[in-house]
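**Q** Predicted model and sequence follow; I will ask about them next.
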Amino acid sequence: MKSAAFDYVAAKSVAEASAALAREGNSAAIAGGQSLVPMLNLRVALPDLLVDITRLEELKETYLTPSHLRVGALTTHADFEDGIVPDPFSGLMRKVASGISYRAVRNYGTIGGSVALADPAADWPVCLMALAADVRITARNGVRSQAINDFIKGQYATSLAKDEIILGFDIQHSNARMRWGAFKVVRKSGAFAISIAIVVEHGAGGPVSVALGATGPRPHLLPRIAKHISAGETSEDRLRSAIEKDLTICMPDNDSYQTRLHTSTILRAVREMRSR
(Lines give C-alpha, C1' and ligand atoms only; values in the text may rest on other atoms or scores of the structure.)
Protein backbone atom coordinates (compact mmCIF):
# COMPACT_ATOMS: atom_id res chain seq x y z
CA MET A 1 0.00 0.00 0.00
CA LYS A 2 1.24 3.49 -0.81
CA SER A 3 0.53 6.83 0.76
CA ALA A 4 -2.22 9.18 -0.32
CA ALA A 5 -1.19 12.24 -2.32
CA PHE A 6 0.25 15.20 -0.39
CA ASP A 7 2.11 18.45 -1.06
CA TYR A 8 5.78 18.65 -0.08
CA VAL A 9 8.00 21.49 1.15
CA ALA A 10 11.73 21.21 1.91
CA ALA A 11 12.13 23.92 4.53
CA LYS A 12 15.28 26.05 4.39
CA SER A 13 14.85 27.53 7.88
CA VAL A 14 12.98 26.85 11.10
CA ALA A 15 10.83 29.92 10.47
CA GLU A 16 9.89 28.64 7.00
CA ALA A 17 9.05 25.21 8.42
CA SER A 18 6.90 26.74 11.15
CA ALA A 19 5.04 28.92 8.65
CA ALA A 20 4.42 25.93 6.36
CA LEU A 21 3.09 23.81 9.22
CA ALA A 22 0.69 26.62 10.16
CA ARG A 23 -1.05 26.51 6.78
CA GLU A 24 -4.67 25.53 6.58
CA GLY A 25 -5.21 21.78 6.45
CA ASN A 26 -3.41 18.82 7.97
CA SER A 27 0.38 19.13 7.93
CA ALA A 28 3.25 17.07 9.36
CA ALA A 29 6.99 17.52 9.78
CA ILE A 30 9.34 14.78 8.62
CA ALA A 31 13.04 14.18 9.34
CA GLY A 32 14.28 10.60 9.68
CA GLY A 33 10.87 9.28 8.71
CA GLN A 34 11.35 5.88 10.36
CA SER A 35 7.92 6.07 11.99
CA LEU A 36 6.09 8.49 9.74
CA VAL A 37 6.85 6.85 6.38
CA PRO A 38 5.29 3.48 7.36
CA MET A 39 2.29 5.37 8.75
CA LEU A 40 1.98 7.23 5.44
CA ASN A 41 2.17 4.01 3.43
CA LEU A 42 -0.45 2.36 5.63
CA ARG A 43 -2.57 5.54 5.37
CA VAL A 44 -2.71 5.82 9.13
CA ALA A 45 -1.32 9.33 8.64
CA LEU A 46 -3.00 11.42 5.93
CA PRO A 47 -1.31 14.84 5.77
CA ASP A 48 -2.18 17.40 3.12
CA LEU A 49 1.35 18.80 3.42
CA LEU A 50 4.65 17.21 4.41
CA VAL A 51 7.32 19.64 5.66
CA ASP A 52 10.84 18.25 5.36
CA ILE A 53 13.08 19.60 8.16
CA THR A 54 16.06 17.32 7.47
CA ARG A 55 18.34 20.13 6.27
CA LEU A 56 17.84 22.49 9.22
CA GLU A 57 21.25 22.86 10.86
CA GLU A 58 19.70 24.59 13.88
CA LEU A 59 18.10 21.26 14.80
CA LYS A 60 21.46 19.47 14.73
CA GLU A 61 23.24 21.57 17.39
CA THR A 62 24.53 19.24 20.10
CA TYR A 63 27.09 20.24 22.71
CA LEU A 64 28.07 19.89 26.35
CA THR A 65 28.28 22.77 28.85
CA PRO A 66 29.46 22.58 32.50
CA SER A 67 25.85 22.14 33.62
CA HIS A 68 23.82 20.84 30.67
CA LEU A 69 23.85 18.60 27.64
CA ARG A 70 22.05 20.24 24.74
CA VAL A 71 20.88 17.74 22.13
CA GLY A 72 19.52 18.79 18.75
CA ALA A 73 16.23 17.26 17.66
CA LEU A 74 17.76 15.80 14.48
CA THR A 75 20.41 13.83 16.38
CA THR A 76 20.08 10.21 15.25
CA HIS A 77 19.97 7.16 17.48
CA ALA A 78 23.20 6.01 15.81
CA ASP A 79 24.93 9.25 16.86
CA PHE A 80 24.33 8.28 20.48
CA GLU A 81 25.21 4.63 19.92
CA ASP A 82 28.51 5.50 18.24
CA GLY A 83 29.57 7.95 20.96
CA ILE A 84 29.39 10.98 18.67
CA VAL A 85 27.14 12.71 21.21
CA PRO A 86 28.76 13.46 24.61
CA ASP A 87 27.18 11.31 27.32
CA PRO A 88 27.79 12.72 30.82
CA PHE A 89 25.32 10.15 32.18
CA SER A 90 27.73 7.23 32.50
CA GLY A 91 26.69 5.66 29.21
CA LEU A 92 22.91 5.60 29.75
CA MET A 93 21.99 7.38 26.50
CA ARG A 94 24.36 5.18 24.52
CA LYS A 95 22.78 2.07 26.05
CA VAL A 96 19.26 3.26 25.29
CA ALA A 97 20.08 4.17 21.69
CA SER A 98 21.76 0.83 20.97
CA GLY A 99 18.58 -1.03 21.93
CA ILE A 100 16.25 0.83 19.57
CA SER A 101 14.97 -1.34 16.70
CA TYR A 102 17.67 -2.22 14.10
CA ARG A 103 20.82 -0.42 12.99
CA ALA A 104 19.22 0.59 9.69
CA VAL A 105 16.50 2.40 11.65
CA ARG A 106 18.99 3.90 14.11
CA ASN A 107 20.95 5.42 11.20
CA TYR A 108 17.99 7.63 10.25
CA GLY A 109 15.61 7.79 13.22
CA THR A 110 15.99 10.90 15.41
CA ILE A 111 15.49 11.63 19.07
CA GLY A 112 13.22 14.57 18.22
CA GLY A 113 11.05 12.44 15.98
CA SER A 114 10.71 9.79 18.68
CA VAL A 115 9.57 12.32 21.29
CA ALA A 116 7.28 14.22 18.90
CA LEU A 117 5.51 10.99 17.92
CA ALA A 118 4.99 10.12 21.62
CA ASP A 119 4.57 6.39 21.08
CA PRO A 120 3.91 5.03 24.60
CA ALA A 121 6.42 2.19 24.05
CA ALA A 122 9.27 4.32 22.65
CA ASP A 123 12.63 4.37 24.45
CA TRP A 124 13.62 8.05 24.39
CA PRO A 125 10.61 9.51 26.23
CA VAL A 126 11.23 7.11 29.13
CA CYS A 127 14.96 7.90 29.22
CA LEU A 128 14.44 11.66 29.03
CA MET A 129 11.83 11.54 31.77
CA ALA A 130 14.25 9.69 34.03
CA LEU A 131 16.85 12.40 33.29
CA ALA A 132 14.34 15.25 33.88
CA ALA A 133 14.98 16.71 30.43
CA ASP A 134 13.43 19.91 29.12
CA VAL A 135 12.09 20.13 25.58
CA ARG A 136 12.98 23.25 23.59
CA ILE A 137 10.22 24.18 21.17
CA THR A 138 10.08 26.86 18.51
CA ALA A 139 7.16 28.52 16.79
CA ARG A 140 6.67 31.66 14.76
CA ASN A 141 6.25 33.74 17.93
CA GLY A 142 9.41 32.57 19.74
CA VAL A 143 10.94 29.70 21.70
CA ARG A 144 9.57 27.99 24.78
CA SER A 145 10.85 25.28 27.11
CA GLN A 146 8.80 22.59 28.83
CA ALA A 147 9.59 19.62 31.06
CA ILE A 148 9.18 16.43 29.05
CA ASN A 149 6.87 14.98 31.69
CA ASP A 150 4.46 17.83 30.90
CA PHE A 151 5.18 17.86 27.16
CA ILE A 152 3.90 14.32 26.58
CA LYS A 153 0.13 14.34 27.09
CA GLY A 154 -0.88 10.83 26.06
CA GLN A 155 -0.77 8.25 23.29
CA TYR A 156 0.67 10.05 20.23
CA ALA A 157 -0.27 13.34 21.90
CA THR A 158 2.01 16.20 22.96
CA SER A 159 1.68 19.89 23.76
CA LEU A 160 3.02 20.84 20.29
CA ALA A 161 0.84 23.41 18.55
CA LYS A 162 0.25 23.09 14.82
CA ASP A 163 3.10 25.44 13.89
CA GLU A 164 5.58 24.29 16.54
CA ILE A 165 8.75 22.22 16.07
CA ILE A 166 11.00 20.54 18.62
CA LEU A 167 14.39 22.26 18.53
CA GLY A 168 16.04 19.85 20.94
CA PHE A 169 16.50 18.95 24.58
CA ASP A 170 18.35 20.37 27.58
CA ILE A 171 19.45 17.83 30.19
CA GLN A 172 21.11 18.92 33.41
CA HIS A 173 24.14 16.96 34.60
CA SER A 174 26.68 17.21 37.41
CA ASN A 175 30.25 16.14 38.03
CA ALA A 176 29.02 13.40 40.36
CA ARG A 177 29.05 9.93 38.84
CA MET A 178 25.58 8.78 37.85
CA ARG A 179 24.34 5.26 38.48
CA TRP A 180 21.57 3.85 36.36
CA GLY A 181 19.77 0.68 35.40
CA ALA A 182 17.71 0.04 32.27
CA PHE A 183 15.68 -2.99 31.35
CA LYS A 184 13.01 -3.65 28.76
CA VAL A 185 10.93 -6.58 27.60
CA VAL A 186 10.29 -7.13 23.89
CA ARG A 187 8.44 -9.93 22.14
CA LYS A 188 11.15 -10.19 19.49
CA SER A 189 14.44 -8.51 18.66
CA GLY A 190 13.96 -4.99 17.28
CA ALA A 191 10.34 -4.68 18.37
CA PHE A 192 8.85 -1.99 20.57
CA ALA A 193 8.93 -2.77 24.27
CA ILE A 194 5.97 -4.18 26.18
CA SER A 195 7.63 -2.93 29.36
CA ILE A 196 10.59 -0.60 29.79
CA ALA A 197 12.04 0.82 33.02
CA ILE A 198 14.91 3.21 33.67
CA VAL A 199 16.20 3.97 37.16
CA VAL A 200 18.65 6.82 37.68
CA GLU A 201 20.57 7.86 40.80
CA HIS A 202 21.96 11.37 40.38
CA GLY A 203 25.28 10.98 42.19
CA ALA A 204 26.16 8.78 45.16
CA GLY A 205 23.28 9.03 47.61
CA GLY A 206 21.62 11.62 45.38
CA PRO A 207 18.00 11.85 44.25
CA VAL A 208 16.55 8.88 42.39
CA SER A 209 14.08 8.89 39.50
CA VAL A 210 12.22 5.91 38.08
CA ALA A 211 10.48 6.05 34.69
CA LEU A 212 8.30 3.34 33.22
CA GLY A 213 7.06 3.04 29.64
CA ALA A 214 4.87 0.74 27.52
CA THR A 215 2.34 0.83 30.34
CA GLY A 216 -0.62 2.64 28.83
CA PRO A 217 -1.18 5.87 26.93
CA ARG A 218 2.08 7.47 28.11
CA PRO A 219 5.24 6.84 30.17
CA HIS A 220 5.15 7.65 33.88
CA LEU A 221 7.47 8.71 36.66
CA LEU A 222 7.07 6.51 39.76
CA PRO A 223 7.74 8.63 42.87
CA ARG A 224 7.00 6.04 45.58
CA ILE A 225 9.47 3.43 44.43
CA ALA A 226 12.00 6.21 43.73
CA LYS A 227 11.67 7.38 47.36
CA HIS A 228 12.24 3.83 48.67
CA ILE A 229 15.32 3.35 46.49
CA SER A 230 16.73 6.72 47.52
CA ALA A 231 16.27 5.75 51.19
CA GLY A 232 18.34 2.60 50.59
CA GLU A 233 15.45 0.17 50.99
CA THR A 234 16.63 -3.40 50.29
CA SER A 235 13.55 -5.42 51.18
CA GLU A 236 12.12 -6.73 47.91
CA ASP A 237 8.69 -7.09 49.51
CA ARG A 238 8.64 -3.40 50.41
CA LEU A 239 9.90 -2.43 46.97
CA ARG A 240 7.19 -4.54 45.34
CA SER A 241 4.58 -2.90 47.56
CA ALA A 242 5.78 0.59 46.56
CA ILE A 243 5.75 -0.36 42.88
CA GLU A 244 2.22 -1.73 43.18
CA LYS A 245 1.03 1.56 44.72
CA ASP A 246 2.65 3.57 41.91
CA LEU A 247 1.13 1.31 39.26
CA THR A 248 -2.31 1.48 40.85
CA ILE A 249 -2.27 5.27 40.68
CA CYS A 250 -0.70 5.61 37.21
CA MET A 251 -2.33 2.61 35.57
CA PRO A 252 -5.47 1.62 37.49
CA ASP A 253 -6.70 -0.67 34.69
CA ASN A 254 -3.63 -2.94 34.71
CA ASP A 255 -4.41 -6.62 35.10
CA SER A 256 -2.37 -8.98 37.31
CA TYR A 257 -0.12 -10.05 34.43
CA GLN A 258 0.78 -6.46 33.55
CA THR A 259 1.45 -5.66 37.20
CA ARG A 260 3.80 -8.63 37.55
CA LEU A 261 5.52 -7.79 34.25
CA HIS A 262 6.17 -4.13 35.09
CA THR A 263 7.20 -4.97 38.66
CA SER A 264 9.79 -7.42 37.37
CA THR A 265 11.07 -4.89 34.81
CA ILE A 266 11.51 -2.19 37.46
CA LEU A 267 13.23 -4.53 39.92
CA ARG A 268 15.69 -5.67 37.24
CA ALA A 269 16.53 -2.04 36.48
CA VAL A 270 16.99 -1.36 40.21
CA ARG A 271 19.37 -4.32 40.57
CA GLU A 272 21.43 -3.11 37.61
CA MET A 273 21.64 0.40 39.04
CA ARG A 274 22.80 -0.91 42.42
CA SER A 275 25.41 -3.13 40.84
CA ARG A 276 27.21 -0.14 39.30
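**A** Happy to help now that I have it. Because the structure is a prediction, the values reported are computed rather than measured.
**Q** Let's verify Ser90: helix, strand, or coil?
**A** What DSSP: H, G, I helix; E, B strand; the rest coil gives for Ser90 is coil.
**Q** What count of nearby residues applies to it?
**A** Using other Cβ atoms under 10 Å, Ser90 is surrounded by 15 other residues. Using the backbone N, CA and C atoms, a C-beta is placed for each residue, glycine as well.
**Q** what bits of the protein have low per-residue confidence?
**A** Applying pLDDT under 70 to the chain flags the ranges 1, 140.
**Q** which residues in it form strands?
**A** Ranges of strands in the chain, per DSSP state E, are 7-10, 27-30, 49-52, 63-64, 68-72, 134-139, 142-147, 152-154, 157-158, 165-172, 179-186, 193-201, 208-213, 220-221.
**Q** now for the fourth one, which elements pack on it?
**A** Which is strand 63-64. Under the contact definition 3 or more Cβ pairs under 8 Å, 6 or more residues apart in numbering; DSSP states H and E, strand 63-64 sits against strand 68-72.
**Q** Closest to the centroid, which residue in the protein?
**A** Pro125 (1.9 Å; Cα atoms, centre = their mean).
**Q** show me what contacts it?
**A** Going by Cβ atoms under 8 Å, 6 or more residues apart in numbering, Pro125 touches 114-115, 118-119, 148, 152, 213, 218-219.
**Q** repeat that for 7 Å
**A** For Pro125, the contact set (Cβ atoms under 7 Å, 6 or more residues apart in numbering) comprises 115, 118, 148, 152, 213, 219.
**Q** Also His220?
**A** Counting by Cβ under 7 Å, 6+ apart, His220 touches 212, 250.
**Q** Just list whatever residues bridge to it.
**A** Beta-bridge partners recorded for His220 (DSSP bridges): Leu212.
**Q** next one: Ala157
**A** Ala157 has these beta-bridge partners by DSSP bridges: Gly154.
**Q** how close does it get to Arg218?
**A** In this view, Ala157 and Arg218 are 8 Å apart by Cβ to Cβ, to the nearest Å.
**Q** For those two, work out which one has more neighbours and name it.
**A** Arg218 (20 against 11).
**Q** distance of that one from Met273?
**A** Taken as Cβ to Cβ, the span from Arg218 to Met273 is 23 Å.
**Q** What of Ile229?
**A** 8 Å.
**Q** Of those two, give the one with the bigger neighbour count.
**A** When Ile229 is set against Met273 and neighbours are counted by other Cβ under 10 Å, the residue ahead is Ile229, at 24 against 21.
**Q** Excluding chain neighbours, what is closest to Val85?
**A** Asp79 (5.1 Å; Cβ to Cβ, 6 or more residues apart in numbering).
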